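*Asks:* what's the 3D shape of this:
(one chain, ligands or ions: 1)
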Amino acid sequence: MGPHRNVDTLRNQLSMSVSSLYLHIPFCEHKCIYCDFYSVAPSETRPEAELPTKRFVESLKREIELRSRDERFRVPYETIFLGGGTPSLLSIQELKEIFETLTGSFFVEPDAEITIEVNPGTVDPEKFRAYRALGINRVSMGVQSFHEDDLRFLTRIHSSTQAKQCVRDAYAAGFENVSLDLMFSLPGQTRDRWVSNLKNAVELHPTHVSCYSLIVEPHTPLAKMVETRQVSLLSIDQDAELYESTIEFLAKSGFEQYEVSNFARPGFASKHNKNYWNHSNYLGFGPSAHSFWRVDEADESPGRWWNISSIVGYHEALDRDSLPVAGGERLSREQLLEEEIFLALRSEGVDVGGFQRRYGKDLLSNPASGLNDLISRNMAVLDGGRVRLTPRGYLVCDEICASLRI
Ligand code: SF4
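*Replies:* Numbers count the residues shown, from 1 in each chain. The predicted model follows:
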């Protein structure tokens, strides 16, 4: 329990929705060939060198304390997400210190959803039990594939057997909410091979599955391999076929799609993800973390800002007692409005009445918005006052978002 104990008073004073905290833990045991998230790994020339986690935790605690001094952020927080990087590389003592600082600085709801991202190969039953004891109640596991050759291609550090054991260990330690990340459209992947991955996943009884298509990010080793034709990617049609089989298979297995890439058993949609997509406020900590906070029109402060993407620069700023912010932007009313629609379309749909109340715009009677057109082409449906995409619409979500005119 932090210093802001009277949550009802706070809610009444601020009359705003609950918010989220994100902590970026910038360490990995090894950099996967496709990844462009900011993280550092031991160098190939000095693989035995220890990751500087202790120093990082000191800076992170400092950042949390500095940020919490701002009155605006004294609101209840409903979710915490430890992402990265590989948060499971931190020791239990380091995590304990981070949580003590976090809950001493911000009011975290007693029933907050608290997620940690883990990679198989970096956790064991004892660590999982310690996570539970710290109050962590959700695990998001980077599995990517259950085929050994896929894992080797992606340069993951773990085997399929380790991934399966890791899920069992999480359940045995008392976790009731386990999410698996899987990746499709890997070179040469057939529909059968991808569906067998989904089957393997479902047999482990996860509550949530995230399925992402392999994206070639610039400046990654994978981008180089594609450029030099060592690797050929699947075609757009093949990618679409795999995506459609994902939606079909997971629906048959009892999962509800609540975002383009996210599927959950009823009641297990990630609150943290939903807060992002509902355009709720969130504070990000750690190198490269982003934050978003709604500000009123008279306020000069940025609505979105991001931290320095360098662990050295991050430490330098905090050693000077400065927040490690690299940049920020004020969002105009039009930008906010557009973002809100795009985020809603990617997830649970646009609440047409709510949108009209907030922005004074009736999206359905305005043909330029394109929403009616989407409905007539079976790309979207009007359901309970929300315009939500159908599986066909999800398939071309990016194109739809790019073509909408609000
Ligand atoms: S473990 Fe995750 S964060 Fe680390 S390099 Fe691989 S994909 Fe990126």
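
*Asks:* So which bits of the stretch 301-406 of the chain are right by the ligand?
*Replies:* Counting by Cβ under 6 Å from any ligand atom, the stretch 301-406 of the chain comes close to the ligand at no residue. Heads up, the C-betas are built off the backbone N, CA and C, glycines and all.

*Asks:* Where does the stretch 301-406 of the chain get nearest to the ligand, residue-wise?
*Replies:* S309 (13.4 Å; Cβ to the nearest ligand atom).

*Asks:* Could you pull up the residues touching that residue?
*Replies:* Contacts for S309 (Cβ atoms under 8 Å, 6 or more residues apart in numbering) come out as 38, 287-288, 326.

*Asks:* cutoff 10 Å now
*Replies:* Residues near S309 by Cβ atoms under 10 Å, 6 or more residues apart in numbering: 24, 26, 37-38, 287-289, 324, 326.

*Asks:* Can you list which of those residues are found in strands?
*Replies:* Among the contacts of S309, the ones falling in strands (DSSP state E) are 24, 326.

*Asks:* of all the contacts of S309, which comes closest to L233?
*Replies:* Nearest to L233, judged by Cβ to Cβ, of the contacts of S309 is F37 at 20.4 Å.

*Asks:* Can you list the residue ranges for helices in the stretch 301-406 of the chain?
*Replies:* Along the stretch 301-406 of the chain, the segments classed as helices by DSSP state H, counting those that start in this stretch run 311-319, 333-346, 352-359, 371-376, 391-395, 397-403.

*Asks:* list the buried ones in the fifth one?
*Replies:* This means helix 391-395. Buried residues in helix 391-395, defined by neighbour count with 16 or more other Cβ atoms under 10 Å: 393-395.

*Asks:* which strands and helices sit next to that helix?
*Replies:* When contacts are defined as 3 or more Cβ pairs under 10 Å, 6 or more residues apart in numbering; DSSP states H and E, helix 391-395 sits against helix 236-252, strand 256-259, helix 333-346, helix 371-376, strand 380-383, strand 386-389, helix 397-403.

*Asks:* Can you tell me which helices and strands the third one packs against?
*Replies:* The reference is to helix 333-346. Applying 3+ Cβ pairs under 10 Å, 6+ apart, we find helix 333-346 packed against strand 256-259, helix 271-277, strand 350-351, helix 352-359, helix 371-376, strand 386-389, helix 391-395, helix 397-403.

*Asks:* Kindly reformat those as JSON lines containing mean pLDDT.
*Replies:* Output for those, formatted as JSON lines (pLDDT from 0 to 100):
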{"stretch": "strand 256-259", "mean pLDDT": "94"}
{"stretch": "helix 271-277", "mean pLDDT": "94"}
{"stretch": "strand 350-351", "mean pLDDT": "91"}
{"stretch": "helix 352-359", "mean pLDDT": "87"}
{"stretch": "helix 371-376", "mean pLDDT": "89"}
{"stretch": "strand 386-389", "mean pLDDT": "93"}
{"stretch": "helix 391-395", "mean pLDDT": "89"}
{"stretch": "helix 397-403", "mean pLDDT": "84"}
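
*Asks:* Of all the ones you listed, which one is nearest Q230?
*Replies:* Smallest distance to Q230 across the helices and strands packed on helix 333-346 (Cβ to Cβ): 27.1 Å, for helix 397-403.

*Asks:* doesn't P221 make contact with F153?
*Replies:* No. Using Cβ atoms under 10 Å, F153 is not in contact with P221, being 11.3 Å away.

*Asks:* still on that earlier bit, pull out the buried residues from the contacts of S309.
*Replies:* Buried residues within the contacts of S309, counting neighbours by 16+ other Cβ under 10 Å: 24, 26, 38, 287-289, 324.

*Asks:* Export the helices and strands packed on helix 333-346 as a markdown table, with columns for distance to T228.
*Replies:* Compiled in a markdown table, the helices and strands packed on helix 333-346 are given as follows (distance: least, Cβ to Cβ, whole Å):
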| stretch | distance to T228 |
| --- | --- |
| strand 256-259 | 34 |
| helix 271-277 | 36 |
| strand 350-351 | 43 |
| helix 352-359 | 47 |
| helix 371-376 | 40 |
| strand 386-389 | 37 |
| helix 391-395 | 31 |
| helix 397-403 | 27 |
